[in-house]
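>>> Build the 3D model from these lines:
(4 chains)
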2 protein chains.
Amino acid sequence: MARPIVRLKDIADRTGFSVNTVSLALRDSPRIPEETRLMIRQAAEALNYLPNHIAKSLVSRETRTIGLVLTSITNPILTRVAQAIELRLAERGYLTLFATSNGDHQEEKKVIEMFRSRQVDGMLIYPRSHRELDHIRRLRSAGYPVVLLVGDNDAGVDVVSMDTRQGGYKAVRHLLERGHRRIGLIDGGQQRGNLEKQDGYVRALAEAGIAEDATLHAVPGTHSLMAGYDAMAELMARNNSMTAVLAATDSMALGALRWTQQHGVRVPEDMAIVGFDNIEFAEHAATPISTVDYAVDRVTELAVDRLIDLIRADGLPEAEVTLIEPGLVVRESSAGRR
Amino acid sequence: MARPIVRLKDIADRTGFSVNTVSLALRDSPRIPEETRLMIRQAAEALNYLPNHIAKSLVSRETRTIGLVLTSITNPILTRVAQAIELRLAERGYLTLFATSNGDHQEEKKVIEMFRSRQVDGMLIYPRSHRELDHIRRLRSAGYPVVLLVGDNDAGVDVVSMDTRQGGYKAVRHLLERGHRRIGLIDGGQQRGNLEKQDGYVRALAEAGIAEDATLHAVPGTHSLMAGYDAMAELMARNNSMTAVLAATDSMALGALRWTQQHGVRVPEDMAIVGFDNIEFAEHAATPISTVDYAVDRVTELAVDRLIDLIRADGLPEAEVTLIEPGLVVRESSAGRR
DNA sequence: TAGGAGGCTGTTAGCGCTAATACAAGGGAC
DNA sequence: GTCCCTTGTATTAGCGCTAACAGCCTCCTA
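You can find the predicted model right below:
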């Protein structure tokens, strides 16, 4: 600790000018003549001066920092989202303060408070639950710029998100078109009321006149590959004559694929598999996996743009929900007709 | 913007006490009687007061924030590292300011300056090059607590890292013991002088009396699965009678595996494959991949502990380099003898 | 009953910076 | 020569907070 800090005062002492003159010179004020500016710049350089952003923030009331709240970064797609957001914010001159909620409501609230206390200019939040958003709505009504990275039309907060409901719908439509009737669903997140993917799944089936069947649903607790593997084992043990399965993440789809490999079930001949997110490992799996694409670049770009608009506006405008329609990437795992 | 801020002054006005008394009461000073404390607490609650951490930092000269610099978070193992670090720092009461250098030297320097300007209490850095560390050594001699997440004994800065040199050595020894003599290497990062894995590879071969053979080396530009795939294609095209290959990351090992699948090369019978990092996707690949384990928990725990020790010490102690010996996880991809 | 000793609270200064204002010197217009 | 305006700089105040010190009671003791 106790590293020596070079302040404006030190430059002032060295050059004989006042602190204020030094401040103005370093900020290229037109009121300071070229010659003075140069002298001061040189002194600053010689002393290896670095402005104290903390002090500046106290005066300017902006920190040029935004807070990013994720549930957990182990989900490969959230990783890519985090990376892309950091990059875009950096381009716009913002630094990213990062924290994870671990899917816990109290943690999420605590993290948001910490960010507020640190006076972040705005927040990007991937909420653990897509339904319980009261604490975030309160944030917004207190005047804080917030953009959610997942959510629904009725969120009451700004949202930029993939339309996963539509994604689920598209994936099931695709499977129906290939002749599948008994389609399984490996979901995740039901505990928190995040039902978008399931909604899409149900709607597509309903349109085709197919009733829901609980024996075709599995709800593992996590999104990991092993969770997908176990869920697949469970579904297969139920003897429900399933011929296709939709997994809520590619990791889980890979787990399901692994199960089929180990148990002599051919993909896609005996079992079609479709995942979500389009991660690299899904594309190059032993059997390349069909998937609902997550448009990382679109989502992050729009989300960051929107957040910065909110920050710059005075008085928050009406909340806006942007849902991006995902594309379906069809690969070998769901090829061919039944 | 322009959200209204509740300050100590507002609580003071409301309760009739002075700002100082309010400050003391909220910090549970023993000099403030219970009754006063309660009144003030209630007022604070009623006004929804949140301390301004920025102002506090200006006075206390600590921000309780550390800067984490990564090259890029798309490498799955760095993701896990980032997550684990954030978690451990949060436990210790620190927030994580996050930035990526994208493997660019100027970016790395710029990011470090931004962190300094924001008065972070310390930094954890995954440097793009394990050799060009002058700018980081300068940081240290200026009194900044820094811990590198990869590095060598002669770094001159604190390091907590996996011993990847030892990892490369162990992996090759393992292949040699299985009877392999023509062992390929798919590396990455040579451009920046990160030769640890290659060093270990070379040493193990030398000890076995096997000369280096340039036709067995491939150096893709990135760490991605496709990079591994392409490198494998290149190595196989060289007709170098290779029977085993060591890839610098599991992603690349998966890419190599994918190539063998598509070209009728049996693993491990015709080709053994060993990777680095032990990511979940390697464990559950079509052929489970042997790998050099990355002890995420050990590394991040020790790194964070060391950093906080440095922050608490007055006057930085001698730099300390901790290299953690990695374990080798043998799976199907390198099973059986030749 | 004077003189402390504590208990409680207020006042002042300062963290490093910016913004608003003040001021001194020089130059032109009349 | 006075007045005013411009140019360059210094002074002051204040961001929200903490730390050091100052002061005023009340109560106890000799």
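
>>> Next, count neighbours for residue A:206.
11 (other Cβ atoms under 10 Å in any protein chain shown). (Glycine included, C-beta is placed from N, CA and C.)

>>> Tell me the secondary structure at it.
helix (DSSP: H, G, I helix; E, B strand; the rest coil).

>>> List the contacts of it.
For residue A:206, the contact set (Cβ atoms under 8 Å, 6 or more residues apart in numbering or on different chains) is empty.

>>> so what pLDDT did it get?
At residue A:206, the model reports a pLDDT of 97.

>>> Next: residue A:30.
Looking at residue A:30, the pLDDT reads 87.

>>> For residue A:44, see how far away it is.
19 Å (Cβ to Cβ, to the nearest Å).

>>> what number of residues lie near residue A:63?
Neighbours around residue A:63, by other Cβ under 10 Å: 23.

>>> Could you do residue A:208 as well?
14.

>>> nearest spatial neighbour of the residue in the stretch 151-300 of chain A that DNA strand C sits nearest to, skipping sequence neighbours?
Nearest residue of the stretch 151-300 of chain A to DNA strand C: residue A:158, at 28.3 Å (Cβ to the nearest atom of the strand). Spatial nearest neighbour of residue A:158, chain neighbours left out: residue A:147 (4.6 Å); criterion: Cβ to Cβ, 6 or more residues apart in numbering or on different chains.

>>> Can you report phi and psi for that neighbour?
Dihedral angles of residue A:147 (phi, psi; degrees, to the nearest 10) stand at phi -130, psi 130.

>>> and the gap between it and residue A:277?
20 Å.

>>> quick one: contacts for the residue nearest to residue A:158?
Neighbours of residue A:147 in contact, by Cβ under 8 Å, 6+ apart: A:122, A:123, A:124, A:125, A:157, A:158, A:159, A:160, A:303, A:306, A:307, A:310.

>>> Name the nearest of the residues you listed relative to residue B:240.
Using Cβ to Cβ, residue A:303 comes nearest to residue B:240 of the contacts of residue A:147, at 48.3 Å.

>>> For residue B:34, see how far away the residue nearest to residue A:158 is.
43 Å.

>>> now residue A:79
49 Å.

>>> higher neighbour count, the two?
Each of residue A:79 and residue B:34 has its neighbours counted (other Cβ under 10 Å); residue A:79 has more, 24 against 7.

>>> Correct me if wrong, but the more buried one is in a strand.
No: counting by three-state DSSP, residue A:79 is not part of a strand but helix.

>>> Just the pLDDT for the closest residue to it other than its chain neighbours.
Spatial nearest neighbour of residue A:79, chain neighbours left out: residue B:79 (4.6 Å); criterion: Cβ to Cβ, 6+ apart. For residue B:79, the pLDDT comes out at 88.

>>> Is the residue nearest to residue A:158 bridged to anything, and to what?
residue A:124, residue A:158 (DSSP bridges).

>>> what separates it from residue A:182, distance-wise?
Taken as Cβ to Cβ, the span from residue A:147 to residue A:182 is 40 Å.

>>> Check residue A:338 too.
10 Å.

>>> Looking only at neighbour counts, state which of those two leads.
For the pair residue A:338 and residue A:182, the greater number of neighbours falls to residue A:182 (15 against 12), based on other Cβ under 10 Å.

>>> List phi and psi for the more buried one.
The phi/psi pair for residue A:182 (degrees, to the nearest 10) is phi -100, psi 90.

>>> Can you tell me what sits against stretch A:227-244?
Contacts of stretch A:227-244 (Cβ under 8 Å, 6+ apart): A:175, A:178, A:180-184, A:186, A:188, A:213, A:215-216, A:218-221, A:245, A:247, A:249, A:251-256, A:258-260, A:263, A:265, A:270-274, A:334, A:338, B:284.

>>> Also stretch A:101-118?
A:63, A:65, A:67, A:69-72, A:97, A:99-100, A:123, A:125, A:127-129, A:132, A:135-136, A:139, A:144, A:192, B:50-54, B:65, B:87, B:95.

>>> of these, list those near DNA strand D.
For DNA strand D, the contacts drawn from the contacts of stretch A:101-118 by Cβ under 7 Å from any atom of the strand are B:51, B:52.

>>> Might you enumerate the residues of the stretch 51-200 of chain A proximal to DNA strand D?
A:55, A:58, A:59.

>>> what's the burial count for the last one?
When neighbours are defined as other Cβ under 10 Å, residue A:59 has 7 of them.

>>> any idea which helix or strand carries it?
Using DSSP states H and E, residue A:59 sits in helix A:53-60.

>>> to the chain's geometric centre, what's the distance from that helix?
With Cα atoms, centre = their mean, to the nearest Å as the basis, helix A:53-60 stands 29 Å off its chain's centre.
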